[in-house]
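[1] whatever this is, show me its structure:
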Amino acid sequence: MRKLLLFTLLAVLVGGGAALAMTLDEALAYFPGNDIMIPYSEEGKATLEEMIDAFRTALGVGDLDEANEDDVMAFEVDASLVDVMSKLSQAYYTYADAFLDGESEERPQYLRGKHWGLKVLRMDAVFSATEDADGFVAAAETIGVENLSGAYWAAANWLRSAQYNPLEAVFAGVPEKTDAINKRLLELDDTYMAFGGYRALGAFWSGLPKLPGGNYRKNWSRSLGYFCHIVDEPEICADWDCDVCPELGEFRPEADEYLENRAFLVEFYLMERGMWEDAKRILEEILAEPIGDKYPLYNAISLEKAAAFLEEVEDKL
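    Residues are numbered from 1 along each chain as shown. Sure, this is the predicted structure:
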(Lines give C-alpha, C1' and ligand atoms only; values in the text may rest on other atoms or scores of the structure.)
Protein backbone atom coordinates (compact mmCIF):
# COMPACT_ATOMS: atom_id res chain seq x y z
CA MET A 1 0.00 0.00 0.00
CA ARG A 2 2.82 2.35 0.91
CA LYS A 3 4.54 1.65 -2.45
CA LEU A 4 1.31 2.41 -4.27
CA LEU A 5 0.98 5.75 -2.47
CA LEU A 6 4.58 6.68 -3.30
CA PHE A 7 4.04 5.74 -6.95
CA THR A 8 0.85 7.81 -7.08
CA LEU A 9 2.61 10.81 -5.53
CA LEU A 10 5.47 10.52 -8.03
CA ALA A 11 3.00 10.38 -10.92
CA VAL A 12 1.25 13.51 -9.66
CA LEU A 13 4.55 15.34 -9.31
CA VAL A 14 5.75 14.34 -12.79
CA GLY A 15 2.40 15.15 -14.32
CA GLY A 16 2.30 18.44 -12.50
CA GLY A 17 5.80 19.29 -13.74
CA ALA A 18 4.75 18.69 -17.34
CA ALA A 19 1.70 20.90 -16.84
CA LEU A 20 3.95 23.76 -15.73
CA ALA A 21 5.49 24.21 -19.18
CA MET A 22 5.24 27.85 -20.24
CA THR A 23 2.18 28.62 -22.35
CA LEU A 24 2.22 30.79 -25.46
CA ASP A 25 0.33 33.57 -23.67
CA GLU A 26 2.86 33.48 -20.82
CA ALA A 27 5.75 33.70 -23.29
CA LEU A 28 4.14 36.63 -25.13
CA ALA A 29 3.68 38.45 -21.82
CA TYR A 30 7.45 38.96 -21.66
CA PHE A 31 7.06 41.40 -24.59
CA PRO A 32 5.20 44.39 -23.10
CA GLY A 33 6.98 46.46 -25.75
CA ASN A 34 9.63 45.56 -28.30
CA ASP A 35 12.27 44.29 -25.87
CA ILE A 36 12.19 41.01 -23.94
CA MET A 37 11.68 41.78 -20.25
CA ILE A 38 13.95 39.28 -18.53
CA PRO A 39 16.92 39.82 -16.21
CA TYR A 40 20.53 39.22 -17.21
CA SER A 41 20.99 36.12 -15.09
CA GLU A 42 20.70 32.34 -15.10
CA GLU A 43 17.05 32.84 -14.23
CA GLY A 44 16.64 35.05 -17.29
CA LYS A 45 18.39 32.48 -19.46
CA ALA A 46 16.11 29.70 -18.20
CA THR A 47 13.03 31.86 -18.82
CA LEU A 48 14.16 32.57 -22.38
CA GLU A 49 14.67 28.85 -23.01
CA GLU A 50 11.09 28.24 -21.86
CA MET A 51 9.85 31.02 -24.13
CA ILE A 52 11.61 29.47 -27.11
CA ASP A 53 10.03 26.10 -26.29
CA ALA A 54 6.59 27.74 -26.06
CA PHE A 55 6.99 29.44 -29.45
CA ARG A 56 8.25 26.23 -31.08
CA THR A 57 5.34 24.29 -29.61
CA ALA A 58 2.84 26.86 -30.89
CA LEU A 59 4.35 26.58 -34.38
CA GLY A 60 4.40 22.77 -34.24
CA VAL A 61 8.09 22.72 -35.10
CA GLY A 62 8.84 19.22 -33.79
CA ASP A 63 12.15 17.89 -35.17
CA LEU A 64 12.40 20.50 -37.97
CA ASP A 65 16.02 21.51 -38.70
CA GLU A 66 15.60 25.22 -38.07
CA ALA A 67 19.23 25.93 -39.00
CA ASN A 68 18.43 24.79 -42.56
CA GLU A 69 16.87 27.63 -44.55
CA ASP A 70 15.21 25.42 -47.15
CA ASP A 71 13.57 23.27 -44.47
CA VAL A 72 12.15 26.29 -42.64
CA MET A 73 10.89 27.90 -45.85
CA ALA A 74 9.10 24.67 -46.82
CA PHE A 75 7.53 24.26 -43.38
CA GLU A 76 3.82 25.13 -43.34
CA VAL A 77 2.73 27.71 -40.76
CA ASP A 78 -0.69 29.29 -40.32
CA ALA A 79 -0.68 32.98 -41.23
CA SER A 80 -2.13 33.82 -37.80
CA LEU A 81 1.21 32.83 -36.23
CA VAL A 82 3.38 35.38 -38.04
CA ASP A 83 3.91 37.33 -34.81
CA VAL A 84 5.02 34.15 -33.05
CA MET A 85 7.64 33.58 -35.77
CA SER A 86 8.91 37.14 -35.34
CA LYS A 87 9.23 36.69 -31.60
CA LEU A 88 10.96 33.33 -32.02
CA SER A 89 13.44 35.03 -34.34
CA GLN A 90 14.05 37.69 -31.68
CA ALA A 91 14.30 35.09 -28.93
CA TYR A 92 16.95 33.10 -30.82
CA TYR A 93 18.99 36.27 -31.41
CA THR A 94 18.72 37.31 -27.78
CA TYR A 95 19.59 33.85 -26.48
CA ALA A 96 22.74 33.67 -28.60
CA ASP A 97 23.81 37.27 -28.06
CA ALA A 98 23.15 37.44 -24.33
CA PHE A 99 23.93 33.95 -23.11
CA LEU A 100 26.04 31.99 -25.62
CA ASP A 101 29.03 34.25 -26.29
CA GLY A 102 31.72 32.11 -27.89
CA GLU A 103 29.91 28.80 -27.43
CA SER A 104 29.59 26.29 -30.28
CA GLU A 105 25.80 26.65 -30.36
CA GLU A 106 25.93 30.43 -30.87
CA ARG A 107 25.95 30.51 -34.69
CA PRO A 108 23.20 27.86 -35.13
CA GLN A 109 20.94 30.01 -32.92
CA TYR A 110 21.52 33.00 -35.20
CA LEU A 111 20.78 30.86 -38.25
CA ARG A 112 17.50 29.67 -36.71
CA GLY A 113 16.55 33.25 -35.92
CA LYS A 114 17.47 34.40 -39.42
CA HIS A 115 15.32 31.74 -41.04
CA TRP A 116 12.19 32.47 -39.01
CA GLY A 117 12.57 36.19 -39.72
CA LEU A 118 12.95 35.52 -43.43
CA LYS A 119 9.92 33.23 -43.34
CA VAL A 120 7.86 36.12 -41.96
CA LEU A 121 8.84 38.17 -45.01
CA ARG A 122 8.33 35.39 -47.54
CA MET A 123 4.86 34.58 -46.24
CA ASP A 124 3.89 38.05 -47.46
CA ALA A 125 2.54 37.64 -50.99
CA VAL A 126 3.87 40.96 -52.30
CA PHE A 127 7.36 40.43 -50.87
CA SER A 128 7.50 36.86 -52.20
CA ALA A 129 6.34 37.81 -55.71
CA THR A 130 8.77 40.73 -55.88
CA GLU A 131 11.69 38.61 -54.71
CA ASP A 132 10.89 35.98 -57.35
CA ALA A 133 10.63 38.59 -60.10
CA ASP A 134 13.24 41.20 -59.19
CA GLY A 135 15.39 39.85 -56.37
CA PHE A 136 15.68 40.28 -52.63
CA VAL A 137 16.82 43.92 -52.55
CA ALA A 138 13.81 45.04 -54.59
CA ALA A 139 11.54 42.94 -52.36
CA ALA A 140 12.90 44.68 -49.25
CA GLU A 141 11.38 47.92 -50.48
CA THR A 142 7.92 46.31 -50.17
CA ILE A 143 8.26 45.44 -46.46
CA GLY A 144 5.31 46.87 -44.55
CA VAL A 145 5.07 47.95 -40.95
CA GLU A 146 3.16 44.77 -40.11
CA ASN A 147 6.35 42.77 -40.82
CA LEU A 148 8.79 45.27 -39.34
CA SER A 149 9.70 43.04 -36.40
CA GLY A 150 10.32 39.94 -38.50
CA ALA A 151 12.45 41.95 -40.92
CA TYR A 152 14.53 43.55 -38.16
CA TRP A 153 15.37 40.24 -36.51
CA ALA A 154 15.99 38.53 -39.85
CA ALA A 155 18.66 41.13 -40.61
CA ALA A 156 20.09 41.11 -37.08
CA ASN A 157 20.48 37.33 -37.04
CA TRP A 158 21.76 37.28 -40.62
CA LEU A 159 24.52 39.78 -39.86
CA ARG A 160 25.58 38.02 -36.69
CA SER A 161 25.75 34.63 -38.42
CA ALA A 162 27.76 36.26 -41.23
CA GLN A 163 30.41 37.54 -38.81
CA TYR A 164 31.93 34.06 -38.74
CA ASN A 165 33.14 34.59 -42.33
CA PRO A 166 32.71 38.25 -43.39
CA LEU A 167 34.45 37.88 -46.74
CA GLU A 168 32.27 34.94 -47.72
CA ALA A 169 29.21 36.94 -46.67
CA VAL A 170 30.22 39.87 -48.89
CA PHE A 171 30.50 37.68 -51.97
CA ALA A 172 27.18 36.01 -51.09
CA GLY A 173 25.43 39.38 -51.19
CA VAL A 174 24.57 39.46 -47.48
CA PRO A 175 25.62 43.11 -46.96
CA GLU A 176 23.45 44.41 -49.80
CA LYS A 177 20.42 42.44 -48.61
CA THR A 178 20.68 43.36 -44.91
CA ASP A 179 21.47 46.98 -45.80
CA ALA A 180 18.28 47.08 -47.84
CA ILE A 181 16.25 45.67 -44.94
CA ASN A 182 17.62 48.11 -42.37
CA LYS A 183 17.19 51.13 -44.63
CA ARG A 184 13.57 50.15 -45.19
CA LEU A 185 13.04 49.76 -41.45
CA LEU A 186 14.34 53.28 -40.84
CA GLU A 187 11.72 54.51 -43.30
CA LEU A 188 8.96 52.59 -41.53
CA ASP A 189 9.85 53.37 -37.90
CA ASP A 190 13.34 54.53 -37.00
CA THR A 191 12.57 54.27 -33.26
CA TYR A 192 12.01 50.49 -33.33
CA MET A 193 14.19 48.66 -30.76
CA ALA A 194 15.46 51.94 -29.31
CA PHE A 195 16.63 53.22 -32.72
CA GLY A 196 18.00 49.80 -33.58
CA GLY A 197 18.30 50.43 -37.32
CA TYR A 198 20.87 53.19 -36.76
CA ARG A 199 22.75 51.00 -34.30
CA ALA A 200 22.80 48.09 -36.73
CA LEU A 201 23.96 50.16 -39.69
CA GLY A 202 26.63 51.95 -37.67
CA ALA A 203 28.14 48.60 -36.68
CA PHE A 204 27.53 47.25 -40.20
CA TRP A 205 29.72 49.81 -41.98
CA SER A 206 32.42 49.50 -39.33
CA GLY A 207 32.49 45.71 -39.52
CA LEU A 208 32.80 45.17 -43.27
CA PRO A 209 36.13 43.90 -44.64
CA LYS A 210 38.70 46.35 -46.02
CA LEU A 211 38.26 45.53 -49.69
CA PRO A 212 40.11 47.44 -52.45
CA GLY A 213 36.90 48.26 -54.30
CA GLY A 214 33.14 47.98 -54.35
CA ASN A 215 30.41 49.66 -52.32
CA TYR A 216 30.23 47.17 -49.48
CA ARG A 217 33.56 47.61 -47.72
CA LYS A 218 34.54 49.27 -44.45
CA ASN A 219 33.38 52.89 -44.45
CA TRP A 220 34.05 55.02 -41.36
CA SER A 221 32.03 58.02 -42.57
CA ARG A 222 28.93 55.93 -43.01
CA SER A 223 29.46 54.16 -39.69
CA LEU A 224 29.70 57.43 -37.81
CA GLY A 225 26.90 58.87 -39.89
CA TYR A 226 24.44 56.34 -38.51
CA PHE A 227 25.79 56.38 -34.95
CA CYS A 228 25.42 60.16 -34.75
CA HIS A 229 21.63 59.70 -34.91
CA ILE A 230 21.67 57.89 -31.54
CA VAL A 231 24.39 59.60 -29.49
CA ASP A 232 24.64 63.13 -28.15
CA GLU A 233 28.22 63.83 -29.20
CA PRO A 234 28.37 67.17 -31.05
CA GLU A 235 32.17 67.29 -31.22
CA ILE A 236 32.59 63.75 -32.52
CA CYS A 237 29.76 64.34 -34.98
CA ALA A 238 30.87 67.84 -36.00
CA ASP A 239 32.29 66.55 -39.28
CA TRP A 240 29.24 64.39 -40.03
CA ASP A 241 29.37 63.50 -43.70
CA CYS A 242 27.36 60.47 -44.74
CA ASP A 243 26.29 60.00 -48.33
CA VAL A 244 23.71 57.29 -47.58
CA CYS A 245 22.31 58.24 -44.17
CA PRO A 246 19.05 60.06 -43.38
CA GLU A 247 19.55 63.76 -42.70
CA LEU A 248 20.93 64.34 -39.21
CA GLY A 249 18.36 66.12 -37.04
CA GLU A 250 18.26 67.05 -33.37
CA PHE A 251 19.32 64.38 -30.90
CA ARG A 252 16.39 62.53 -29.32
CA PRO A 253 17.15 62.11 -25.58
CA GLU A 254 15.30 58.79 -25.29
CA ALA A 255 18.15 57.20 -27.24
CA ASP A 256 20.32 57.55 -24.12
CA GLU A 257 17.95 55.30 -22.15
CA TYR A 258 19.20 52.32 -24.16
CA LEU A 259 22.84 52.08 -23.10
CA GLU A 260 23.85 49.93 -26.05
CA ASN A 261 23.52 52.95 -28.34
CA ARG A 262 26.52 54.62 -26.72
CA ALA A 263 28.28 51.30 -26.13
CA PHE A 264 28.11 50.49 -29.85
CA LEU A 265 29.67 53.84 -30.75
CA VAL A 266 32.55 52.99 -28.43
CA GLU A 267 32.98 49.38 -29.51
CA PHE A 268 32.51 49.69 -33.26
CA TYR A 269 33.86 53.18 -33.95
CA LEU A 270 35.93 54.85 -31.24
CA MET A 271 37.95 51.81 -30.15
CA GLU A 272 38.37 50.65 -33.73
CA ARG A 273 39.79 54.07 -34.64
CA GLY A 274 41.96 54.43 -31.54
CA MET A 275 39.99 57.36 -30.12
CA TRP A 276 40.82 56.32 -26.57
CA GLU A 277 40.09 59.55 -24.68
CA ASP A 278 36.58 59.81 -26.12
CA ALA A 279 36.02 56.10 -25.55
CA LYS A 280 37.06 56.41 -21.89
CA ARG A 281 34.80 59.40 -21.27
CA ILE A 282 31.73 57.76 -22.79
CA LEU A 283 32.34 54.44 -21.05
CA GLU A 284 32.54 56.22 -17.70
CA GLU A 285 29.25 57.98 -18.50
CA ILE A 286 27.63 54.63 -19.30
CA LEU A 287 28.92 53.08 -16.08
CA ALA A 288 27.36 55.90 -14.08
CA GLU A 289 23.91 54.97 -15.42
CA PRO A 290 21.47 52.63 -13.63
CA ILE A 291 20.09 49.56 -15.36
CA GLY A 292 16.59 50.98 -14.97
CA ASP A 293 13.28 49.23 -15.50
CA LYS A 294 12.79 49.86 -19.21
CA TYR A 295 15.58 47.67 -20.67
CA PRO A 296 16.66 45.32 -17.86
CA LEU A 297 18.43 42.76 -20.04
CA TYR A 298 20.40 44.82 -22.51
CA ASN A 299 21.25 47.65 -20.16
CA ALA A 300 22.76 45.10 -17.78
CA ILE A 301 24.73 43.58 -20.66
CA SER A 302 25.92 47.01 -21.78
CA LEU A 303 27.12 47.85 -18.27
CA GLU A 304 29.07 44.60 -18.10
CA LYS A 305 30.65 45.24 -21.51
CA ALA A 306 31.41 48.86 -20.64
CA ALA A 307 33.38 47.79 -17.58
CA ALA A 308 35.42 45.34 -19.66
CA PHE A 309 35.97 47.89 -22.44
CA LEU A 310 37.11 50.52 -19.93
CA GLU A 311 39.90 48.26 -18.69
CA GLU A 312 41.02 47.74 -22.29
CA VAL A 313 40.85 51.45 -23.07
CA GLU A 314 42.76 52.48 -19.96
CA ASP A 315 45.58 50.17 -20.99
CA LYS A 316 45.91 52.23 -24.16
CA LEU A 317 46.20 55.59 -22.38
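
[2] what does stretch 102-121 contact?
    Identification of contacts with stretch 102-121 by Cβ atoms under 8 Å, 6 or more residues apart in numbering yields 66-69, 72-73, 75, 77, 82, 85-86, 88-93, 95-96, 100, 127-128, 139, 143, 147, 149-158, 160-161, 164. Backbone N, C-alpha and C define where each C-beta goes, glycine included.

[3] contacting residues around the residue lying closest to Cys242 once chain neighbours are set aside?
    Distance criterion Cβ to Cβ, 6 or more residues apart in numbering; nearest residue to Cys242, sequence neighbours excluded, is Gly225 at 2.4 Å. Gly225 makes contact with Gly202, Trp240, Asp241, Cys242, Val244, Cys245, Leu248, according to Cβ under 8 Å, 6+ apart.

[4] can you check Leu259 too?
    So Leu259 contacts Ile286, Glu289, Tyr295, Tyr298, Asn299, Ser302, Leu303, Ala306 (Cβ under 8 Å, 6+ apart).

[5] rerun that using 10 Å as the cut-off
    194, 285-287, 289-292, 295, 298-303, 305-306 (Cβ atoms under 10 Å, 6 or more residues apart in numbering).

[6] now swap in Arg252 and tell me
    Contacts for Arg252 (Cβ under 10 Å, 6+ apart) come out as Asp190, Thr191, Phe195, His229, Ile230, Asp232.

[7] again with Asp241
    Ser221, Arg222, Leu224, Gly225, Leu248.

[8] how much space between it and Leu248?
    For Asp241, the distance to Leu248 equals 10 Å [Cβ to Cβ, to the nearest Å].

[9] repeat that for Ser149.
    Distance of Ser149 to Leu248, computed by Cβ to Cβ: 26 Å.

[10] looking at the two, which is more packed in?
    Ser149 (23 against 14; other Cβ atoms under 10 Å).

[11] how many neighbours does Leu303 have?
    Count around Leu303 with other Cβ under 10 Å applied: 18.

[12] my read: Ala172 touches Phe136, true?
    No. Using Cβ atoms under 10 Å, Ala172 is not in contact with Phe136; the gap is 11.4 Å.

[13] neighbour count winner among the two?
    Under the neighbour definition other Cβ under 10 Å, Ala172 and Phe136 were set side by side, and Phe136 has more, 18 against 12.

[14] can you pull the phi/psi pair for that one?
    Phe136 adopts backbone torsions of phi -70, psi -40, taken as degrees, to the nearest 10.

[15] setting the sequence-adjacent residues aside, check what's closest to it.
    Lys177 (5.0 Å).

[16] now swap in Gly44 and tell me
    Nearest non-adjacent residue to Gly44 (Cβ to Cβ, 6+ apart): Ile38, at 3.9 Å.
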